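[1] Model the structure of this input:
(4 chains)
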2 protein chains.
Amino acid sequence: MEISIKQEATCEQELVAIRDSLEILGGKWKLRIMRYLNNHIDEKNTFKKIQREVEGISAKMLSKELRELEINLLVTRTVMDTRPITVNYAMTEYGLSVFPVTETLVEWGLNHREKIK
Amino acid sequence: MEISIKQEATCEQELVAIRDSLEILGGKWKLRIMRYLNNHIDEKNTFKKIQREVEGISAKMLSKELRELEINLLVTRTVMDTRPITVNYAMTEYGLSVFPVTETLVEWGLNHREKIK
DNA sequence: GTAACCAGTAACCATTAGTTAACCGATAAC
DNA sequence: GTTATCGGTTAACTAATGGTTACTGGTTAC
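    Here you go, the predicted structure:
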C-alpha cells in the first residue's frame, strides 16, 4: 500500500517532468536545432548556416526558436563584427545537457525507419 | 574533407531521424501517455483511469492520441466484457522501445526544475 | 425511478503553431 | 547602378491543437 502510494507519487512527478521538458524543448524544431548545434560545436554557426542545414525551417521560425532557446539559456547569440554582419549561435554548457534527449530520439527514429520498411 | 562530408551526411540523417520520431511521438500528450502506461504495465489501464492520471487531458484528446498510438503499433486497445464495459489500453512490445526517450525527458525535466530554482 | 459510471463522439469555438511571401537597411562585389 | 548577402521582421494565411458542452446506450446502486 505504502509502496503503491509512493509509486503513484513518483509517476505523477515523472509526468510533470516530461511536461516541463516539452514546454522548453517541444515543438517541431527546437530539438533539431539543438542537435545541429551539438554536431557543430567548434564551428561558427550563423543564422543562414543553421537555416541551410536544418532542412525546411523558415527564417521566421528559426528566429523565434533561437530566441526561445536563448531565453532558456540553452543557446547564446553573438553578433560578429564582420562584413556583412553575421550572428553566431552556440550551445551553452547547459545546452549540452539536452544531448541525451536528442540521442534517444535519433536512435528511436533510425530504429523505427528500419522497422516499418 | 572526406570526414567532414561524412559528418554532414550523418548529421543530416540524424535530423531526419529526429523529425521521424517527433512525427509519431511529438505533441503535448503522447509521451506522457506512454510513460504512464510504462509505469503501470501489469495493471488494467482503462480510458478513465488514464484520463485521471495523465493530468489535464480531455476525453477528446485522450481518445485521439490513443488512436494514433494504436495506429503506430505502440499501444493495444481491448474492449473488456465487464459491467459497465471498460476498455483496456496496454503497451505493446514495440511500445517499450519508447522508454529511453521518456526516461531522458524525465531526467532532463527534473534536473531543469532543480536548476531554475 | 433516478442518479451515476463507463467510453467515448459530435458540434462548435478559441488559441496556438507553423507556412509563405514580401520587405528592410547595411555592405560588398561586379 | 545593379545585384547579392546577411539577419532578420511583418503581414496574411492555413493547419493543428485543445477546450467545452451536450449527448449516446447499457448497467448498476440507491
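
[2] ok, longest helix in chain A?
    Looking across chain A with DSSP state H, the single longest helix is helix A:2-25.

[3] Would you tell me whether whatever helix or strand A:Thr102 lives in gets close to DNA strand C?
    For A:Thr102, the host element (DSSP states H and E) is helix A:99-116. No - on the criterion Cβ under 7 Å from any atom of the strand, helix A:99-116 is out of touch with DNA strand C, staying 14.8 Å away. All C-beta spots, glycine's among them, are computed from the backbone N, C-alpha and C.

[4] May I have that helix as PDB, with CA atoms only?
    The C-alpha atoms that make up helix A:99-116 are tabulated as PDB, following Å, rounded to 0.1, in the frame of the first residue of the first chain:
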ATOM      1  CA  PHE A  99      22.200  15.800 -25.800                       C
ATOM      2  CA  PRO A 100      20.800  12.600 -24.200                       C
ATOM      3  CA  VAL A 101      17.300  13.600 -25.300                       C
ATOM      4  CA  THR A 102      18.200  14.100 -28.900                       C
ATOM      5  CA  GLU A 103      20.300  11.000 -28.800                       C
ATOM      6  CA  THR A 104      17.400   8.700 -27.800                       C
ATOM      7  CA  LEU A 105      15.200  10.400 -30.400                       C
ATOM      8  CA  VAL A 106      17.800   9.800 -33.100                       C
ATOM      9  CA  GLU A 107      18.100   6.100 -32.100                       C
ATOM     10  CA  TRP A 108      14.400   5.600 -31.900                       C
ATOM     11  CA  GLY A 109      13.900   7.300 -35.300                       C
ATOM     12  CA  LEU A 110      16.500   5.200 -37.000                       C
ATOM     13  CA  ASN A 111      15.200   2.100 -35.500                       C
ATOM     14  CA  HIS A 112      11.600   3.000 -36.400                       C
ATOM     15  CA  ARG A 113      12.600   3.500 -40.000                       C
ATOM     16  CA  GLU A 114      14.200   0.100 -40.100                       C
ATOM     17  CA  LYS A 115      11.100  -1.400 -38.600                       C
ATOM     18  CA  ILE A 116       8.500   0.000 -40.900                       C
END
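
[5] now for it, which elements pack on it?
    helix A:30-39, helix B:2-25, helix B:99-116 (3 or more Cβ pairs under 8 Å, 6 or more residues apart in numbering or on different chains; DSSP states H and E).

[6] Over to A:Arg77: give its phi and psi.
    Torsion angles at A:Arg77 (phi, psi; degrees, to the nearest 10) stand at phi -120, psi 130.

[7] ok, now A:Thr76?
    Dihedral angles (degrees, to the nearest 10) for A:Thr76: phi -110, psi 150.

[8] helix, strand or coil for the nearest residue to it once chain neighbours are set aside?
    Spatially, and ignoring its direct neighbours in sequence, A:Thr76 is nearest to A:Ala90 (5.2 Å; Cβ to Cβ, 6 or more residues apart in numbering or on different chains). Here A:Ala90 is recorded as strand under DSSP: H, G, I helix; E, B strand; the rest coil.
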